[in-house]
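Q: Attaching a predicted model along with its sequence, questions to come.
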Amino acid sequence: MELVLWRTYFPSGTNGDILFNGLKLCSSIELPWKNNQQRISCIPEGKYELVKRYSLRFKWHLQLKDVKGRDLILIHPANDAFRELKGCIAPVTTIQSPGKGLKSRSALELIKAIVYPVLDEKKPFYLTIKS
């Protein structure tokens with residue numbers, strides 16, 4: 001199974017739409033593209049396997065496996081890419097401006113409701129990032 005993230009790049013941030021079976025689930029915010037530099041750039045376009053992850057800070061969220069040149073790339077709640085992200089992806093309900101959105105926790109819950117049951121069955125789930 002697969003989610004697709006369709007990105008639009010801006011100098012001040014990256015916005016996107018996250019789709020499942022061709023239907024939009026939510027939007028997303030990320031840092032701008034800066035050649036995959038750690039902690040200041042969004043990650044390269046491509047296909048990444050998703051896994052469940054828990055931390056005290058974000059509670060249950062998702063991690064992207066095998067991101068070239070990067071580690072610990074997550075899908076976690078955030079509403080301001082520059083203040084809250086270090087290369088990760090934040091789902092949001094509404095986009096305000098490049099790299100800024102609203103109601104991120106609600107958007108993450110929508111994604112988890114689709115992805116987690118599949119992962120619980122030990123089946124793979126992927127995120128494909130395109131522009």
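A: Arrived safely, thanks for sending.
Q: switch to C-alpha atoms for all contacts and neighbour counts from now on
A: Noted.
Q: show me where the protein has strands.
A: 2-10, 13-20, 23-30, 46-55, 59-64, 73-75, 90-92, 94-97, 100-102, 126-130 (DSSP state E).
Q: Which elements pack onto the longest one?
A: Using 3 or more C-alpha pairs under 8 Å, 6 or more residues apart in numbering; DSSP states H and E as the contact criterion, the secondary-structure elements in contact with strand 46-55 are strand 59-64, helix 104-120, strand 126-130.
Q: 7 Å instead, please
A: Using 3 or more C-alpha pairs under 7 Å, 6 or more residues apart in numbering; DSSP states H and E, the elements in contact with strand 46-55 are strand 59-64, strand 126-130.
Q: Next, the angle from that strand to strand 126-130.
A: Angle of strand 46-55 versus strand 126-130, following axes from the mean of the first three to the mean of the last three C-alpha atoms, to 10 degrees, is 130 degrees.
Q: Give me the contact list for strand 46-55.
A: 60-66, 124-130 (C-alpha atoms under 7 Å, 6 or more residues apart in numbering).
Q: what about the residue lying closest to I95 once chain neighbours are set aside, how many neighbours?
A: Excluding its sequence neighbours, the residue lying closest to I95 (C-alpha to C-alpha, 6 or more residues apart in numbering) is G101, at 4.2 Å. Burial of G101 is recorded as 22 neighbouring residues (other C-alpha atoms under 10 Å).
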